[in-house]
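A.B. asks: I would like to see how this sequence folds:
(4 chains)
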2 protein chains.
Amino acid sequence: MTERVVPSAARQRRRPTKQGVVLSEELIVETALRLIEEHGADALSVRRLGRALGADPSSLYRYFRHTDDLMLAIADELIGRTLRTWRPTGDWRADLRDLGLRMHAGALAHPRAAVLSSYRVTGRAHEIQAVETIVGVLRGAGFPDAEAVRIYHAFVDQALAFGALDSASAAMPKAARETEAAVWTATYARLPATTHPHIAATARHLVADMRHSSYPAALELLLDAAAARLAD
Amino acid sequence: MTERVVPSAARQRRRPTKQGVVLSEELIVETALRLIEEHGADALSVRRLGRALGADPSSLYRYFRHTDDLMLAIADELIGRTLRTWRPTGDWRADLRDLGLRMHAGALAHPRAAVLSSYRVTGRAHEIQAVETIVGVLRGAGFPDAEAVRIYHAFVDQALAFGALDSASAAMPKAARETEAAVWTATYARLPATTHPHIAATARHLVADMRHSSYPAALELLLDAAAARLAD
DNA sequence: ACCTGAACACCGTTCAAGT
DNA sequence: ACCTGAACACCGTTCAAGT
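C.D. replies: Residues are numbered from 1 along each chain as shown, chains lettered A, B, ... in the order given. The predicted structure follows:
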């Protein structure tokens, strides 16, 4: 048994940094999230985080073994925030739609963390709670166990995969992001019908549609298909 | 008009590097793909690529304006390889299923490159060909233009997003991958029914299902929903 | 016990100089 | 015309020294 068993006691003994801040895991995670929100994904580096905390960059290594550990701590905090305010309504489609959109929005709010954590299985408290909740919604809707698991898996992976995809896009440097957005008008919309009949015929729709995430549409298709199977 | 109009002529005049290699866009892209596959995504840096080519890092800036341009060239090459052997059958569901599974398999064959390029819009030849092909399959099936574009977008993003998700998982260090796989049996399968009734009831299915990609199931759900809309 | 500062081994990118 | 080498402004991480 060491003092680490009582975190608050251990924390009180910590010496303030030069700028008078007492470091803690919570403070570091919150500051990292704030940095990302205020200055973009590129703002998160150990050196910048140290500067923002008024501490030497190397002091952060007492709290996180590497940057990846910090990322996972941030991700866990985000899962908690996503579920914390969610309440089931009893309508399985509305509940899954709401959960999916919240997971996707949570990813977009913290793109770097989303990209790094989307494919991880943590087995931690918040994740377990999410599995129990979603499988529960599907079983409550009447899906047999095997089908409930199959749809749970597709649903969760879809939310995580689109969250990561759209996050990666959002985390791009601004100039690159704008260049890509312009490709639809500058390149695709100008292809002649003689060589590219299908693109030429739908160019107007491509320009309008491709600038937005396709997640809401993909989610609705998945819910449609699940509902149809339930009706059989 | 400059000599760049005839690339092969321009290329022939290039001077070999110190180690005797004549640089070209193709050689750089192929070397980059090889570097990524052999030594991981982190192995791709301008400096390492220069070293692998036997050229000064800065000489690559004659072929690509920034690292990002190189990434797009790699992405387009992967799209090209995916489409090169595909042939339409006239059955839109079978065609889209085949295309989706090929895109997913192509991502898994080059996991590190897939993770880095899945969310990019290249506007290059192979990507344009892919858009034309897939929108063509959907219009040929009878979807009106706006609907064809909406389903195209969801279909492509889903293939890319799941491809990247499953690639990121596959690209993890072996030890970490095995630790995560064990979480389903070591943690989830042992949760008691009293606290986690839904997980306990479906543990057998979770253990069996979660070790595989959910992409084939998610693809089938998307095709089901699309077919239902066509029937209306 | 905790934080600091210097050091190490890297990055992407630019541009004058060399061939 | 093409490649090189030095330079600039960054990274993540380690570890002996300071308080």
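A.B. asks: Every contact and neighbour count from this point should use C-alpha atoms.
C.D. replies: Noted.
A.B. asks: For residue A:40, which residues are in contact?
C.D. replies: Residues near residue A:40 by Cα atoms under 8 Å, 6 or more residues apart in numbering or on different chains: residue A:171.
A.B. asks: And residue A:39, by the same measure?
C.D. replies: Neighbours of residue A:39 in contact, by Cα under 8 Å, 6+ apart: none.
A.B. asks: Need phi/psi at it.
C.D. replies: Taking degrees, to the nearest 10, you get phi -120, psi 10 for the backbone angles of residue A:39.
A.B. asks: do residue A:194 as well
C.D. replies: For residue A:194, the backbone dihedrals (degrees, to the nearest 10) come out as phi -70, psi -40.
A.B. asks: Can you get me a residue count around it?
C.D. replies: 8 (other Cα atoms under 10 Å in any protein chain shown).
A.B. asks: Let me know the helix or strand that the nearest residue to residue A:142 once chain neighbours are set aside is in.
C.D. replies: Computed as Cα to Cα, 6 or more residues apart in numbering or on different chains, the closest residue to residue A:142 that is not its neighbour in sequence is residue A:230, at 7.3 Å. Using DSSP states H and E, residue A:230 falls within helix A:215-231.
A.B. asks: tell me the contacts of the nearest residue to residue A:116 once chain neighbours are set aside?
C.D. replies: Once flanking residues are discounted, residue A:116 sits nearest to residue A:71: 7.1 Å by Cα to Cα, 6+ apart. Listed by Cα under 8 Å, 6+ apart, the contact partners of residue A:71 are A:113, A:116-117.
A.B. asks: What residues does chain A have near DNA strand D?
C.D. replies: Residues of chain A found near DNA strand D (Cα under 7 Å from any atom of the strand) are A:43-48, A:57-59, A:61, A:65-68.
A.B. asks: Show me where chain A has its helices.
C.D. replies: A:7-12, A:25-39, A:46-53, A:67-84, A:92-109, A:111-117, A:125-141, A:145-170, A:174-186, A:197-209, A:215-231 (DSSP state H).
A.B. asks: Out of those, the one nearest DNA strand C is which?
C.D. replies: Closest approach to DNA strand C among these (Cα to the nearest atom of the strand): helix A:7-12, 5.2 Å.
A.B. asks: Which residues are in contact with residue A:171?
C.D. replies: A:40-42, A:111-112.
A.B. asks: would JSON lines of those residues with distance to residue B:101 and pLDDT be doable?
C.D. replies: Output for the contacts of residue A:171, formatted as JSON lines (distance: Cα to Cα, whole Å; pLDDT from 0 to 100):
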{"residue": "A:40", "distance to residue B:101": "35", "pLDDT": "76"}
{"residue": "A:41", "distance to residue B:101": "32", "pLDDT": "73"}
{"residue": "A:42", "distance to residue B:101": "34", "pLDDT": "75"}
{"residue": "A:111", "distance to residue B:101": "27", "pLDDT": "81"}
{"residue": "A:112", "distance to residue B:101": "28", "pLDDT": "77"}
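A.B. asks: So, low pLDDT: which residues of chain A?
C.D. replies: A:1-13, A:173-175 (pLDDT under 70).
A.B. asks: Got the domain ranges for chain A?
C.D. replies: Using the TED database, the domain ranges for chain A come out as A:8-64, A:65-231.
A.B. asks: ok, back up a step: quick one, which of the helices of chain A gets closest to residue B:107.
C.D. replies: Nearest to residue B:107 among these is helix A:145-170; the distance by Cα to Cα comes to 13.6 Å.
A.B. asks: Give me the distance between residue A:147 and DNA strand D.
C.D. replies: 41 Å (Cα to the nearest atom of the strand, to the nearest Å).
A.B. asks: ok, now residue A:89?
C.D. replies: Taken as Cα to the nearest atom of the strand, the span from residue A:89 to DNA strand D is 42 Å.
A.B. asks: In contact with that residue, which residues?
C.D. replies: Per Cα under 8 Å, 6+ apart, neighbours of residue A:89: residue A:95.
A.B. asks: re earlier: burial check on the residue nearest to residue A:142, number of neighbours?
C.D. replies: Neighbours of residue A:230 using other Cα under 10 Å come to 13.
A.B. asks: Now for the closest residue to residue A:46 other than its chain neighbours, how many residues are close by?
C.D. replies: Closest residue in space to residue A:46, ignoring its immediate chain neighbours: residue A:57 at 5.7 Å, by Cα to Cα, 6+ apart. Using other Cα under 10 Å, residue A:57 is surrounded by 16 other residues.
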